[in-house]
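Asker: Sequence and predicted structure, then a few things I'm wondering about:
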Amino acid sequence: MEAYHGYVGEVARRLVEASAKPGDLVEITRPDGSSFIGILMPRSEFSADDIVVIKLDNGYNVGIRLSGGASLRVLSSGELTAHPGEPVSLAEGEVRPPSERVLILGTGGTIASRVDYETGAVYPYMDPKELSASVPEAFRYANIDAIQFMSIFSEDMTPRAWEAIADEVAKSFRKGYTGVVVAHGTDTMAYTAAALSFAFHGGLPGPVALVGAQRSSDRPSSDAAFNLTAAVLVAARAPFGEVAVVMHGETGDTYALAHRGTKVRKMHTSRRDAFQSINDLPLAKVWPYEGKIEVLKGSYRPRGELSLENGFDDRVAMVKFYPGMTSEVIDFLVDRGYHGIIIEGTGFGHIANSLIPSVERAVESGVPVVITSQTLFGRVNLNVYSTGRRMLQAGVIPAEDMLPETAYVKLSWVLRRTRDLKEVKTLMLTNMAGEINPRHELRLFPRWYHEHE
């Protein structure tokens, strides 16, 4: 029998006999008496022939084998409509633009995975055929190639992994790709974005769009397809040659935001719009299903020649100052041979006066100590209070308005270039990849921005 909504053979015959179509509420009862009620879904071409896919009322899809005496009946008729984040089919006859080629590099994370409905396991999908079946709308904007470059948890990222990703991105541009999408776990995506920003601070011939998903692809609220489509659109058509994180701009599926790689942070554990620009505006607003990009910053870096300066020092530590913190923390890091220390200070960047002698000893031993602020928004200023002035006399480097993560990555990058303290300070205070905003405006604080958007 011919395929029926993707189903073939005996399953297709059974569905036709039951007059069951995608969107109907069905009940499947197995010989052991267990039953499942859910919305009948079209078959994925990657599911086994005897598996029926239904969406349970909790939003998850399950695959059930319709054989061995299992029965199926329709409880009510329905119509399948796209849920938030669900792909939209390509318009009939639409032609892919041959001049725009995008490579998707899979490194791991929720976005680069699919659910096997037969086993319930999650597998990476970095094959163009699978991508075209799962996220067809992304192919409107470019011819897409995809490789699973690495498969690690976001929390297992290291400076060595940043170097490997940077090398692969450079190879991709040398092969003629218009832009590159890096599929990444969300938890440490901002670190990798900052690392790539410094590695390519000298120039990029096209955008590098890091993208992730807050919710898995089998959930009705998944952001995977929406985010990936937005990232492909940015990689293919954005005018800038920068590293950006491309994620939901609000909780619905209207627009995404492309955040500069050195100015972005994950600000919520689970919201789809978890990523925000800090002390800066996003690079662009993106409507992935309309194919529209609105550049929000006039100071973006245009596409240029490829320049890679790779290499990161993995002996850099980042610590958060807290009330009661003792000098042993700093002494321990110096004694264990760390090459640099980032401290997240309070407010303007202060730490306890009792720690300043240890900081001074660290600097005297050749270990740069860089100060950022736990408040995230605003700028470090150690000239206001006496504590800050003592810290400056001890030799600390104030990190301006850099995010702690960005300062950590930058110090790691700088220390692979020089260990001379004067040169380290000069480089840390030089704006290389948009990490330092020379002036702040009211609209850079999120409350103002959302009230006046």
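Answerer: Noted; the coordinates are in hand. Numbers count the residues shown, from 1 in each chain.
Asker: CA atoms of the helix or strand harbouring residue 332 as CSV?
Answerer: Per DSSP states H and E, residue 332 falls inside helix 328-335. Extracted C-alpha coordinates of helix 328-335, given in CSV (Å, rounded to 0.1, in the frame of the first residue of the first chain):
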residue,chain,number,x,y,z
GLU,A,328,44.2,31.5,51.4
VAL,A,329,42.1,31.3,48.2
ILE,A,330,44.4,33.6,46.3
ASP,A,331,47.5,32.2,47.9
PHE,A,332,46.4,28.7,46.9
LEU,A,333,46.0,29.6,43.2
VAL,A,334,49.4,31.3,43.1
ASP,A,335,51.1,28.5,44.8
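Asker: helices or strands up against it?
Answerer: strand 316-320, strand 340-345, helix 356-364 (3 or more Cβ pairs under 8 Å, 6 or more residues apart in numbering; DSSP states H and E). Every residue, glycine included, has its C-beta placed from N, CA and C.
Asker: Try it again at 10 Å.
Answerer: Packing contacts for helix 328-335, counted by 3 or more Cβ pairs under 10 Å, 6 or more residues apart in numbering; DSSP states H and E, involve strand 316-320, strand 340-345, helix 356-364, strand 369-373.
Asker: would JSON lines of these with mean neighbour count, mean pLDDT and distance to residue 138 be doable?
Answerer: Putting those into JSON lines (neighbours: other Cβ atoms under 10 Å; pLDDT from 0 to 100; distance: least, Cβ to Cβ, whole Å) gives the following:
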{"stretch": "strand 316-320", "mean neighbour count": "18", "mean pLDDT": "98", "distance to residue 138": "35"}
{"stretch": "strand 340-345", "mean neighbour count": "25", "mean pLDDT": "98", "distance to residue 138": "37"}
{"stretch": "helix 356-364", "mean neighbour count": "18", "mean pLDDT": "98", "distance to residue 138": "48"}
{"stretch": "strand 369-373", "mean neighbour count": "25", "mean pLDDT": "98", "distance to residue 138": "36"}
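Asker: TSV for these, including distance to residue 395?
Answerer: Listed next are those as TSV, based on distance: least, Cβ to Cβ, whole Å:
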stretch	distance to residue 395
strand 316-320	17
strand 340-345	12
helix 356-364	4
strand 369-373	7
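Asker: buried residues in the longest helix anywhere in the chain?
Answerer: The single longest helix within the chain, with elements called by DSSP state H, is helix 159-174. Buried residues in helix 159-174, defined by neighbour count with 16 or more other Cβ atoms under 10 Å: 159, 161, 162, 163, 165, 166, 168, 169, 170, 172, 173.
Asker: Give me the mean pLDDT for that helix.
Answerer: Per-residue pLDDT values across helix 159-174 average out to 98.
Asker: Let me see the ranges of the helices in this protein.
Answerer: 9-17, 128-134, 159-174, 189-199, 224-237, 328-335, 356-364, 386-394, 404-415, 421-428, 446-452.
Asker: Tell me which of those sits most buried.
Answerer: Ranked by mean neighbour count, the helices of the chain are led by helix 224-237 with a mean of 28 (mean count of other Cβ atoms under 10 Å).
Asker: send the alpha carbons of it over as CSV?
Answerer: Coordinates of each C-alpha in helix 224-237 appear next as CSV, following Å, rounded to 0.1, in the frame of the first residue of the first chain:
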residue,chain,number,x,y,z
ALA,A,224,15.3,24.2,18.6
ALA,A,225,13.9,24.6,15.1
PHE,A,226,13.2,28.4,15.5
ASN,A,227,16.7,29.1,16.9
LEU,A,228,18.5,27.0,14.3
THR,A,229,16.6,28.7,11.4
ALA,A,230,17.4,32.1,12.9
ALA,A,231,21.1,31.1,13.2
VAL,A,232,21.2,29.9,9.6
LEU,A,233,19.6,33.1,8.4
VAL,A,234,22.2,35.2,10.3
ALA,A,235,25.1,33.1,9.0
ALA,A,236,23.9,33.4,5.5
ARG,A,237,22.7,37.0,5.2
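Asker: in the chain, which ranges drop under the pLDDT threshold?
Answerer: 1-2, 44-47, 58-61, 79-98, 109-134, 215-221, 442, 446-453 (pLDDT under 70).
Asker: which residues make contact with the helix holding residue 332 from outside it?
Answerer: 315-317, 319, 321-322, 326, 338-341, 343, 351, 355-367, 369 (Cβ atoms under 10 Å, 6 or more residues apart in numbering).
Asker: Burial check on residue 418, number of neighbours?
Answerer: 12 (other Cβ atoms under 10 Å).
Asker: Just name whatever secondary elements the longest helix of the chain is in contact with.
Answerer: Helix 159-174 is packed against strand 101-106, strand 143-148, strand 179-183, helix 189-199, strand 208-211, helix 404-415, with contacts defined by 3+ Cβ pairs under 10 Å, 6+ apart.
Asker: let's go with 7 Å and repeat that
Answerer: The contact analysis (3 or more Cβ pairs under 7 Å, 6 or more residues apart in numbering; DSSP states H and E) places helix 159-174 against strand 101-106, strand 179-183, helix 189-199.
Asker: Any chance of a markdown table for the ones you listed, columns distance to residue 37?
Answerer: Output for those, formatted as a markdown table (distance: least, Cβ to Cβ, whole Å):
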| stretch | distance to residue 37 |
| --- | --- |
| strand 101-106 | 35 |
| strand 179-183 | 34 |
| helix 189-199 | 38 |
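Asker: Of those, which is nearest residue 413?
Answerer: Ranking those by their distance to residue 413 (criterion: Cβ to Cβ) puts helix 189-199 first, at 4.4 Å.
Asker: Between strand 179-183 and the closest one, find me the angle.
Answerer: In terms of direction (axes from the mean of the first three to the mean of the last three Cα atoms, to 10 degrees), helix 189-199 departs from strand 179-183 by 150 degrees.
Asker: and for helix 189-199, what are the contacting residues?
Answerer: Counting by Cβ atoms under 7 Å, 6 or more residues apart in numbering, the neighbours of helix 189-199 from elsewhere in the structure are 154, 157, 162, 165-166, 169, 184, 208, 210, 212, 243, 245, 261-262, 264-266, 308-310, 312, 405-406, 409-410, 413, 432-433.
Asker: Would you mind giving the domain segments of this protein?
Answerer: Annotated domains of the chain cover 9-76, 101-295, 316-428 [automatic domain parsing].
Asker: just the strands in the stretch 1-150 of the chain please.
Answerer: Using DSSP state E, counting those that start in this stretch, the strands of the stretch 1-150 of the chain run over 25-29, 35-40, 51-55, 61-65, 71-76, 101-106, 113-115, 122-124, 143-148.
Asker: Return the most buried member of those.
Answerer: The stretch of the strands of the stretch 1-150 of the chain with the highest mean neighbour count (mean count of other Cβ under 10 Å) is strand 101-106, at a mean of 24.
Asker: any idea how far residue 184 is from residue 154?
Answerer: 7 Å (Cβ to Cβ, to the nearest Å).
Asker: ditto for residue 443
Answerer: In this view, residue 443 and residue 184 are 29 Å apart by Cβ to Cβ.
Asker: okay, these two: which has more neighbours?
Answerer: Using other Cβ under 10 Å, the more surrounded residue of residue 443 and residue 184 is residue 184, with 29 against 12.
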